[in-house]
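Colleague: quick one, fold the following:
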Amino acid sequence: MSMAYDDIIILLNEKKQLFLQYEVETDNIILNCNEDNVDIIALAMEKRTRIAEKIDSITEKINSISIKNNIDLKLFADTLDCSSLETDSERKAHSIVEETFDIIRRIQQKNTDIMNYFKNTMDNSKVQIEKNQYAPKISKYFENIKINTNYNSTFGKG
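Modeller: Got it, this is the predicted structure:
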């Protein structure tokens, strides 16, 4: 069983490192949230997708090892009561899990900030599009006023 925990601890550390990389790419998105850096944002999003796929793969490996070795998957829950852990390997594994969940919570907050930024950007763009849709109507209106003003002044009514 100790060998299984050793393998799980190695995989948990890899997973934690991947979440740190994911956070770096999330920070890159935040730093480049403006129209001039759309390509950088898109690249960071692609990198996050690839990292997420690696994280999913590691999670599957951890689950597989755990099931094969009758290791309770609750060990990998963020809500686990640490006093129930019996071995150093369990405590070490759960410690890495807690550190990883701290990273995940930071990422979740940053994702909320990114989503709010994109929502505000979309709302502002919508306002600009609506303004531009009315611009031709306004210019026609002003042309009509000009024509009517010229018409009225030609006939002495202006």
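
Colleague: going forward, measure contacts and count neighbours with C-alpha atoms only.
Modeller: Will do.

Colleague: what residues of stretch 106-116 count as buried?
Modeller: Neighbour-count burial for stretch 106-116 flags 107, 110-111, 114 (criterion: 16 or more other Cα atoms under 10 Å).

Colleague: and those, which is closest to Thr100?
Modeller: Ile107 (10.6 Å; Cα to Cα).

Colleague: quick one: distance of stretch 58-71 to the chain centre.
Modeller: 28 Å (Cα atoms, centre = their mean, to the nearest Å).

Colleague: typo on my end, it should be stretch 55-66
Modeller: Worked out by Cα atoms, centre = their mean, stretch 55-66 lies 23 Å from the chain centre.

Colleague: name the element the closest residue to Leu75 other than its chain neighbours belongs to?
Modeller: By the measure of Cα to Cα, 6 or more residues apart in numbering, the closest residue to Leu75 outside its immediate chain neighbours is His94, 6.1 Å from it. With secondary structure defined by DSSP states H and E, His94 is part of helix 88-154.

Colleague: ok, Glu25 next?
Modeller: Glu25 belongs to helix 2-31, assigned by DSSP H and E.

Colleague: nice, that's everything, thank you.
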